[in-house]
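Curious how this folds, go ahead:
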Amino acid sequence: MNWRSIAFAVIAEVEERYKRESYGAFKRALYDAYPFGSRANYPYRAWCEEQRAALWRHPECPNRPPMGELFKQQANRKENDQ
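Residues are numbered from 1 along each chain as shown. Prediction:
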């Protein structure tokens, strides 16, 4: 597994547990779930990108981008990983 897939798996578990919680509780749970030790270099970057996408999916997100923009960013992430 690579850093991004590990981050995605951890974030998916947090999303499932906090899907009915407030945006703030969800954001804090994501912060606490960081699995890679120090917050530096590529593992942290991959985590931040996956975390941002998860936060945007939350219904209470205060600055959610338009849906088309979110799909463009996900497509760009996939291209950069290859």
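
Checking Pro35 next. Helix, strand or coil?
Assigned by DSSP: H, G, I helix; E, B strand; the rest coil, the conformation of Pro35 is coil.

Go ahead and confirm it touches Ala7.
Yes. Taking contacts as CB atoms under 8 Å, Pro35 lies within contact range of Ala7: 7.4 Å. Where you see a C-beta, it was placed from the backbone N, CA and C, and this is true even at glycine.

What helices and strands are in contact with the top helix by length along the chain?
Longest helix of the chain, by residue count under DSSP state H: helix 41-57. Here helix 41-57 is seen to pack against helix 3-17, helix 23-32, helix 67-81 when contacts are counted using 3 or more CB pairs under 8 Å, 6 or more residues apart in numbering; DSSP states H and E.

lowest-confidence stretch among the ones you listed?
With a mean of 62, helix 67-81 has the lowest mean pLDDT of these.

circling back: residues shared between the contacts of Pro35 and Ala7?
Counting by CB atoms under 8 Å, 6 or more residues apart in numbering, the contacts common to Pro35 and Ala7 are Trp47.

Just give the number of residues close to Glu49.
Using other CB atoms under 10 Å, Glu49 has 18 other residues around it.

And it, how close does it get to Ser22?
23 Å (CB to CB, to the nearest Å).

Then Asn63?
Applying CB to CB, the value for Asn63 to Ser22 is 16 Å.

Tell me how many other residues crowd Leu55.
For Leu55, the count of nearby residues is 19 (other CB under 10 Å).

Ok, the one 5 residues further on next?
When neighbours are defined as other CB under 10 Å, Glu60 has 12 of them.

Next, it: phi, psi?
Torsion angles at Glu60 (phi, psi; degrees, to the nearest 10) stand at phi -90, psi 10.

Run a quick neighbour tally on the residue nearest to it when sequence neighbours are not counted.
Leaving aside its chain neighbours, Glu60 sits nearest to Tyr23 (3.8 Å; criterion: CB to CB, 6 or more residues apart in numbering). Per other CB under 10 Å, the neighbour tally for Tyr23 reads 14.

show me what contacts Tyr23?
With contact set as CB under 8 Å, 6+ apart, Tyr23 has these partners: 55, 58, 60-62.
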